Structure formats: C-alpha cells, structure tokens
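Asker: Quick one, structure for this:
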Amino acid sequence: MDVHIKKMAFHDKVFKPYDIRGVYPEELDHNTIELIAEGFAEFLKSGGGKNCVVGEDVRSTSPEIAEIVIEKLLARGIDVIYIGQATTPMHLFSIAKSKADGGIMVTASHNPIRYNGFKIYKGIEAENEKTGLNKIKEIIKNGFPEYKGPRGGLSKVDLLKDYVDFLMKDVLPGERINAVFDAGGGAVGSVLSKILPLLKNVDAATLYMDPDPSLMAREPNPLLPEAERKIRETILEKKADIGFLFDPDGDRVIVLDEKGEPIRGDGILWLLAEKLARPGEAIVYDYCRSSRALVEDLEADSIRCFKSRVGHSFIKEEMRIEDAVLGGEISGHYYFKDFYYSDSALFATIKLLQLKASSKEPLSEMMRPYFRYFHSGEINFEVKNKDEMKSLFEERFKDGERDYFDGVTFRYPDWWFNIRPSGTEDLLRLVLEAKSKAVFDTKKEEVISFLFSKGARLSG
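Answerer: I've put the predicted structure just below:
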C-alpha cells in the first residue's frame with residue numbers, strides 16, 4: 001500500500017493519555033497496527049534502541065496482533081524478544097531481566113473482548129501522552145523513510161520461573177490464613193498456579209485459573225459487581241480471611257475482606273503505606289479519586305504524599321521523580337519502588353498476604369479507621385458532550401474552590417467532588433466525598449441531578 005494512503009487511513013483516536021486502545025479491527029485496524037509498530041521502531045532507534053520485548057494478554061485477538069507487530073519491528077531492524085502470553089507486570093519484568101531497550105504489551109486490560117491495544121515502554125518506563133506516545137504519533141504522521149537495512153532477529157524466551165523467583169524473594173511465612181484467588185481467566189492464572197504451592201501458610205481456594213481467550217469466564221472488569229459475585233460467595237463459604245480478584249492482564253487486583261466486601265483501592269494503599277512506608281519516605285496517589293483521609297493519616301506519620309493524575313504511566317513517572325516507595329489508585333493498581341516503580345497485582349497480593357498473616361484482626365477491622373468519611377467511589381456516566389461538561393459545572397458550582405490537576409475538582413469546607421473525562425472509555429467519571437452522611441447524601445443527589453439535567457445517563 002502507498003505510504004501516503006496508509007497515513008491517511010491511520011486512526012489516531014486509538015492513542016489515549018497513557019496507552020493505546022480501540023475496537024479491533026474497526027478502530028485498531030491492521031493498517032493502524034502496522035504504522036504503530038513501525039513508528040515505535042523508529043522511536044526506539046532515534047534513542048539508540050535496538051531491541052524490545054513483545055508480550056500478549058489472553059484475549060483471542062492478541063496473538064494475531066502480536067504477529068503483525070513483530071513482523072513490522074523485525075522488518076525495520078529491531079530485534080524482538082517474544083515472551084508469548086504474559087501478564088503486563090511479567091512483560092515489564094522481562095524488559096528489565098533482558099535489559100531490553102523497550103517493549104510492547106498487546107493488551108486492552110479490562111476492556112470488553114472487542115477491544116485491544118498496546119502498553120508501550122522505553123526501557124522499563126511506560127510511555128504516556130507527555131512522553132513517547134505523542135512522539136510515536138508524530139513520527140507516523142510525519143512519515144518515515146523506507147528502511148533498507150538488515151532485518152532484526154527473533155528470539156522466544158520463557159521467563160515464568162524467573163518471574164516467580166523474583167516475586168517470592170524474601171517472602172517469609174506467617175500465621176496460617178485462608179484466601180480466595182479469582183484469576184478471571186486471565187494470564188495471571190499461569191503465574192499464580194506456580195506461586196500458591198510456595199505459600200506454605202496459605203490455604204487457597206481458586207477460581208477461573210485457566211486462560212479464557214473469550215473473556216467470558218466472568219466480567220473482565222473487576223470493579224463491576226457482577227465480577228465480584230462468585231468470589232464473594234466463595235469467601236463466605238470457605239470462611240476465608242481475604243480474597244483477591246484480578247483483571248485479565250494481571251496489573252490490577254481488587255481486595256475483598258472476610259465478609260466478601262471489596263475494599264476501595266485508596267484504602268489498600270493506606271494499609272500498605274501504614275505498614276511498609278517509613279517516616280520521611282514518599283507515596284504517590286491518584287489525587288482526584290482518593291479519600292482526603294489518606295493524606296491526613298500518612299502525613300501525620302511523616303510520610304510524604306505526592307499527587308498524580310489517574311493512569312499507570314503518570315503514577316510511575318511521579319514515583320520516579322519523587323523516589324516514592326509506594327503508589328496506588330482507587331481502581332486497584334498498586335506500585336512499588338521494588339518493582340521498578342511499577343504496578344504488579346501479584347507483588348501487591350504477596351505483600352498483603354504477609355500483612356494479613358501478621359495480624360489477628362479481621363481485615364474489615366484493620367480498615368475501619370480509614371473509612372471515616374463518606375465516599376461515592378467512581379460513578380460513570382454516558383454523556384454526549386463530556387468535554388463540554390467542565391464549563392457547565394464551573395457555572396453551576398462557581399462558589400467552590402477548584403483546581404484542574406486532573407479533570408476539575410470542586411472543594412468546599414466539608415465536601416468535595418471531581419469530574420473527569422475517562423482516558424480509556426467514552427465516559428464522564430464522578431467522585432464525591434463528604435465528612436458527614438447528611439452532607440454526602442444531599443450533595444451527591446445535587447451533583448447527579450445536575451448531570452441528569454444535562455442529558456447524562458448512568459453507565460452500565
């Protein structure tokens with residue numbers, strides 16, 4: 001195909017703030033995939049890069065997309081280290097282990113089966129719209145010269161044992177506990193099956209451990225109530241102490257207490273920081289969604305708190321800047337300095353198992369001091385004009401203090417809320433918190449009623 005025609009048919013809408021995603025093959029079509037792979041090759045070479053790691057999640061379309069990507073990288077002289085099916089954290093580990101110059105992980109994370117996409121790395125650093133993603137898009141739109149050099153070489157490696165050894169390094173058994181693990185048919189099952197026999201103090205019940213390319217074993221988004229139904233039943237049936245619900249690419253985990261109730265991600269970050277961070281050390285949190293109790297409590301313990309925009313690449317970037325030991329998002333991503341300033345659901349799981357095994361208190365009681373304010377969680381709305389909503393809210397709530405760090409946050413003495421266009425889906429997201437239930441109920445109804453009056457509908 002003529003290069004000019006290929007560029008004209010390029011779907012740049014698949015470029016999101018912190019990764020690349022779209023409906024396959026309508027938006028993320030083969031032409032767009034080829035151009036992204038070629039643009040990434042030129043991006044790597046412009047910084048002296050010569051090789052990269054390619055991995056894929058379990059969804060049925062990922063192997064064919066990975067094949068297209070690999071061919072285009074090889075054709076432009078990039079050596080490819082292919083690890084096959086993997087979790088996103090295992091892909092990152094493979095980049096570090098191989099000392100590769102970059103990587104492409106074929107995944108659309110928790111999105112429905114019709115989606116696919118890429119997470120892009122230069123070295124072990126995830127690229128976002130402020131860094132490599134926009135540069136790759138510019139390279140594609142500006143055009144790149146015909147490549148006449150030698151093809152790259154392809155090597156296939158299996159680093160599963162190395163990854164398990166890394167995760168289990170320095171793990172000490174504690175008191176015996178019961179735990180439930182729901183792999184959701186994702187790639188995490190293959191890693192988890194190797195880890196569980198090594199956790200001698202954990203009596204484990206498992207769900208959906210086999211890979212499911214259709215993503216129909218259960219709802220792939222672990223935040224949705226239908227995804228939590230089976231693990232909740234199993235926790236109650238087994239009288240388990242804790243449960244872990246993973247997303248398809250294994251970078252996110254929802255933690256459930258002994259009652260089968262999910263614990264909001266900022267609460268889990270609070271627990272990890274209270275137990276693992278020392279005075280003077282830093283943590284990074286997603287500013288627009290986390291309870292204000294997080295910063296209040298941690299700063300009282302002399303732990304430094306730094307805010308970040310929502311999105312894995314933004315959190316990772318801020319952690320490196322501040323040399324933070326921990327980071328977290330309300331959505332279940334947990335980041336560790338000891339894991340390349342990045343997120344790993346299993347790394348977090350092992351830490352939490354150790355914390356729970358060292359405490360006689362039920363998990364719900366361990367969390368009680370944190371959940372003292374009234375918090376909506378993230379509520380999603382379908383709107384036709386999500387990017388215009390900002391000005392409508394500014395006029396309606398003009399008496400509040402506001403900032404634009406991530407979306408728009410409106411602050412009042414005893415409550416606050418944030419609205420933010422989704423970076424990965426066509427949704428407007430709302431989070432609201434108040435210090436009393438009366439204020440919470442009143443203000444939540446007020447904000448949602450305003451959204452409805454402007455044509456918004458609850459999503460899902």
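
Asker: Skip ahead from the least confident helix or strand in the chain by mean pLDDT and say which helix or strand is next.
Answerer: When each helix and strand of the chain is scored by mean pLDDT, DSSP states H and E, helix 3-8 comes last, with a mean of 66. Sequence-wise, the next helix or strand downstream of helix 3-8 (DSSP states H and E) is strand 20-23.

Asker: Residues contacting that next one, please?
Answerer: Contacts to strand 20-23, defined as C-beta atoms under 8 Å, 6 or more residues apart in numbering, come from residues 11, 13-14, 28, 32, 36, 108-109, 111, 114-120, 133, 424. (Each C-beta comes from the backbone N, C-alpha and C, glycine too.)

Asker: Also stretch 291-308?
Answerer: 264, 266-267, 269-270, 273-274, 277-287, 314-315, 317-318, 322, 324, 327, 369-373, 375, 405, 416, 433.

Asker: Endpoint to endpoint, that stretch covers what distance?
Answerer: End-to-end distance for stretch 291-308: 14 Å, by C-alpha to C-alpha, to the nearest Å.

Asker: distance between it and the chain's centre?
Answerer: 21 Å (C-alpha atoms, centre = their mean, to the nearest Å).

Asker: what does the average pLDDT come to for that stretch?
Answerer: Mean pLDDT, stretch 291-308: 98.

Asker: which stretches of the stretch 101-250 of the chain form strands?
Answerer: 102-106, 115-122, 125-126, 154-156, 177-182, 202-207, 242-246 (DSSP state E, counting those that start in this stretch).

Asker: Return the member of the ones you listed having the minimum mean pLDDT.
Answerer: Lowest mean pLDDT within the strands of the stretch 101-250 of the chain: strand 125-126, at a mean of 92.

Asker: what helices or strands is that strand leaning on?
Answerer: Counting contacts by 3 or more C-beta pairs under 8 Å, 6 or more residues apart in numbering; DSSP states H and E, strand 125-126 packs against helix 312-322.

Asker: Can you give the contact residues for the helix it packs on?
Answerer: 17-19, 119, 125-128, 130-131, 251, 282, 284, 286, 304, 306-308, 324, 327-329, 333, 335, 337, 341-343.

Asker: residue contacts, the nearest residue to I379 once chain neighbours are set aside?
Answerer: Computed as C-beta to C-beta, 6 or more residues apart in numbering, the closest residue to I379 that is not its neighbour in sequence is L430, at 4.7 Å. By C-beta under 8 Å, 6+ apart, the contact set of L430 is S376, E378, I379, N380, F381, F417, N418, I419, V447, I448, L451.

Asker: Using a markdown table, please lay out those residues together with pLDDT, distance to L198 and neighbour count.
Answerer: Converted to a markdown table, those look like this (pLDDT from 0 to 100; distance: C-beta to C-beta, whole Å; neighbours: other C-beta atoms under 10 Å):
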| residue | pLDDT | distance to L198 | neighbour count |
| --- | --- | --- | --- |
| S376 | 97 | 39 | 17 |
| E378 | 92 | 35 | 21 |
| I379 | 94 | 40 | 17 |
| N380 | 93 | 38 | 17 |
| F381 | 95 | 44 | 21 |
| F417 | 98 | 44 | 23 |
| N418 | 97 | 41 | 23 |
| I419 | 96 | 45 | 24 |
| V447 | 98 | 48 | 21 |
| I448 | 97 | 47 | 17 |
| L451 | 96 | 48 | 20 |
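
Asker: out of those residues, which are inside helices?
Answerer: The helices, defined by DSSP state H, take in V447, I448, L451 from the contacts of L430.

Asker: Tell me if I'm right that the last one and F381 touch.
Answerer: Yes: because the distance of 5.7 Å satisfies C-beta atoms under 8 Å, L451 is recorded as touching F381.

Asker: Write a ChimeraX command that selects only the buried members of the contacts of stretch 291-308.
Answerer: Selection of the buried residues among the contacts of stretch 291-308 in ChimeraX, burial being defined by 16 or more other C-beta atoms under 10 Å:
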select :264,266,267,269,270,273,274,277,281,282,283,284,285,286,287,314,315,317,318,322,324,327,370,371,373,375,416,433
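
Asker: How much space separates the nearest residue to P279 once chain neighbours are set aside from R320?
Answerer: Residue nearest to P279 in three dimensions, not counting chain neighbours: S302, with 3.8 Å by C-beta to C-beta, 6+ apart. Look at S302 and R320: by C-beta to C-beta, to the nearest Å, they are 22 Å apart.

Asker: All good on my end, thank you.
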